[in-house]
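> need a 3D model of the sequence below.
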Amino acid sequence: MSLGSIFDIAGSGMTAQSLRLNTTASNIANAETASSSTDTTYRARKPVFATLQQDMMNQGGASFGFGGNEGSGGGVKVDGIVESDAELQMRFQPDHPAANEDGYVFYPNVNVVEEMADMMSASRGFQQNIDVMNTAKSMMQRILTLGQ
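Numbering: from 1, shown residues only. So this is what the prediction gives:
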């Protein structure tokens, strides 16, 4: 792994955390949307991440003097966004305009407390990737001053 690839890895992590923040915000925004049927009710969404494998890791010798780095990650990719299969909330509200013929209204399976914790975690993950990039930049600047 070269020092320059750190920016690609941290950048992919920032992209993944940004998507995670967006899906969490979407879940919170739709937490109280009412529907008259289970088919049209919003369901909580979660992104699925996977590690990108670095194919060229061991070609040309081991970097940084470490050997045996087979299977090391080269970043993060988004495999997709899945909908939660948790049970929807069904409330008896016969006066609600979206109530079905039995008087029930369906609400999403979004837990706002869980979503807020997920948002804080994603925000901190994003910040950690920024810190990695800043540290790598600082190291590269120090390398440039070695010859002086």
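> just for this structure, where's the confidence low?
Scanning the chain for pLDDT under 70 picks out the ranges 1, 54-73.
> which residues touch the residue nearest in space to the middle of the chain?
The centre of the chain sits closest to residue 20, judged by CA atoms, centre = their mean, with a distance of 3.1 Å. Taking CB atoms under 8 Å, 6 or more residues apart in numbering as the criterion, residue 20 is in contact with 47, 118, 122, 125. The C-beta positions use only the backbone N, C-alpha and C, and glycine is treated the same way.
> residues contacting residue 100?
36, 37.
> for it, give me phi and psi.
Backbone torsions of residue 100, given as degrees, to the nearest 10, read phi -80, psi -170.
> verify the stated contact: residue 129 with residue 10.
Yes. Assessed by CB atoms under 8 Å, residue 129 is found in contact with residue 10 at 4.4 Å.
> would you say residue 75 is within a strand?
Yes. Assessed by DSSP: H, G, I helix; E, B strand; the rest coil, residue 75 belongs to a strand.
> I'd like to know how far it sits from residue 9.
5 Å (CB to CB, to the nearest Å).
> again, but for residue 23
Residue 23 sits 22 Å away from residue 9, going by CB to CB.
> with residue 35 instead?
From residue 35 to residue 9 the distance is 41 Å (CB to CB).
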